[in-house]
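Trainee: model the structure of this input:
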Amino acid sequence: MQLNGTPPDISQIKDLALINYGHFTTMLVEEGRVRGLSLHLQRLVRDCRRLFDVDLDADRVRHYIRQALADEGQPTVVRVTIYDPALDLGTIGSDANPHVLVTARSAARGVPSPLRLRAIPYRRDDPEVKHIGLFGALKRRRAAQREGFDDVVFLNPDGTISELATSNIGFVRDGRIIWPKSEYLAGITMALLHQALDEPVSTEPVTLANLAGMEAVFATNAATGVRSVVAVDGAKWPNDHKAFEELRAIYADIPAESV
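Mentor: Numbering: from 1, shown residues only. As a prediction, this is how the structure comes out:
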């Protein structure tokens, strides 16, 4: 864990926990390279301008990531969090000086286990921003897990599907990929797959009633890549649909950028 390139003290981390105002991105680093690194950095720059009215130096962030990875020789999940330790509840409107917190953990190996999802009405605050305010999403994930599910999929007030707690969701119908038409956080893995697919990709409203017509369902996330979804409430799909292997192969072939 490094804050602006040096180990943080407890007061600086305490401020992040207590104020909970900031944004982040998470990436998988393999042999010093990241798929979609430029997109991750663009996300950080964009969200920093939106949340702090400050232009973030992407090259500085990249330097801090390299520094934090100096001793990492295995696949690593890196999270870059942007926040200002000087802001508190009473001074949140002050001019900001965002800091860069880089944390790393070992990446899980192998194909991720399939997901069983519970559909729950919910919309994250500012869904297009990857902010650190995860209370609402995690509260609903916890409730779903205590009911025997793995995660949640969120429903808009009109009943259309948007996203998972921390992943995007995609569908396969008649051999074609469909993304939900909704407000959500457009993930990096989702964006890379969208660019890499040879066939046209559809975006349309998807409701629970539409799920019966889907051949397969999957989730995308930078840490896990493509993950099969085998159930949403009572609707079920096989875990061995050919689309999963094809999507994983396409994703694996996307050139990674050097940190």
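Trainee: got a list of contacts for stretch 227-237?
Mentor: 112-119, 153, 167, 169, 208, 211-212, 214-221, 238-239, 241, 244 (Cβ atoms under 8 Å, 6 or more residues apart in numbering). Heads up, the C-betas are built off the backbone N, CA and C, glycines and all.
Trainee: just the buried positions in that stretch, please.
Mentor: Using 16 or more other Cβ atoms under 10 Å as the burial criterion, the residues of stretch 227-237 that qualify are 227-232, 235, 237.
Trainee: now, which of those lie within strands?
Mentor: Under the assignment DSSP state E, the buried residues of stretch 227-237 contribute 227-232, 235 to strands.
Trainee: the residues you listed: which two are farthest apart?
Mentor: Taking Cβ to Cβ as the measure, those span a maximum distance of 16.9 Å, between 227 and 235.
Trainee: still on that earlier bit, want to throw the buried residues of stretch 227-237 into CSV with distance to residue 101 and pLDDT?
Mentor: Supplementary listing: those in CSV, determined by distance: Cβ to Cβ, whole Å; pLDDT from 0 to 100:
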residue, distance to residue 101, pLDDT
227, 27, 97
228, 32, 97
229, 32, 98
230, 35, 98
231, 36, 98
232, 35, 98
235, 39, 96
237, 38, 96
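Trainee: out of those, who's nearest residue 68?
Mentor: The shortest separation between residue 68 and any of the buried residues of stretch 227-237 is 26.0 Å, and it belongs to residue 227 (by Cβ to Cβ).
Trainee: export stretch 227-238 to CSV, keeping only CA atoms.
Mentor: Extracted as CSV, the C-alpha positions of stretch 227-238 are listed here (Å, rounded to 0.1, in the frame of the first residue of the first chain):
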residue,chain,number,x,y,z
ARG,A,227,-17.6,-15.0,-15.7
SER,A,228,-20.6,-17.2,-16.5
VAL,A,229,-24.0,-16.5,-14.9
VAL,A,230,-26.0,-19.7,-14.4
ALA,A,231,-29.1,-18.2,-12.7
VAL,A,232,-31.0,-15.0,-12.1
ASP,A,233,-33.7,-15.7,-9.6
GLY,A,234,-35.5,-18.7,-11.0
ALA,A,235,-34.2,-18.4,-14.6
LYS,A,236,-31.3,-20.8,-15.3
TRP,A,237,-28.7,-21.3,-18.0
PRO,A,238,-25.9,-23.9,-18.6
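Trainee: so who does residue 81 touch?
Mentor: Shown in contact with residue 81 (Cβ under 8 Å, 6+ apart): 16, 22-24, 100-103, 132.
Trainee: show me which of those are buried.
Mentor: The neighbour count (16+ other Cβ under 10 Å) marks 16, 22-24, 100-102, 132 as buried among the contacts of residue 81.
Trainee: which one of the residues you listed is nearest residue 31?
Mentor: Nearest to residue 31 out of the buried ones among the contacts of residue 81 is residue 102 (Cβ to Cβ; 18.0 Å).
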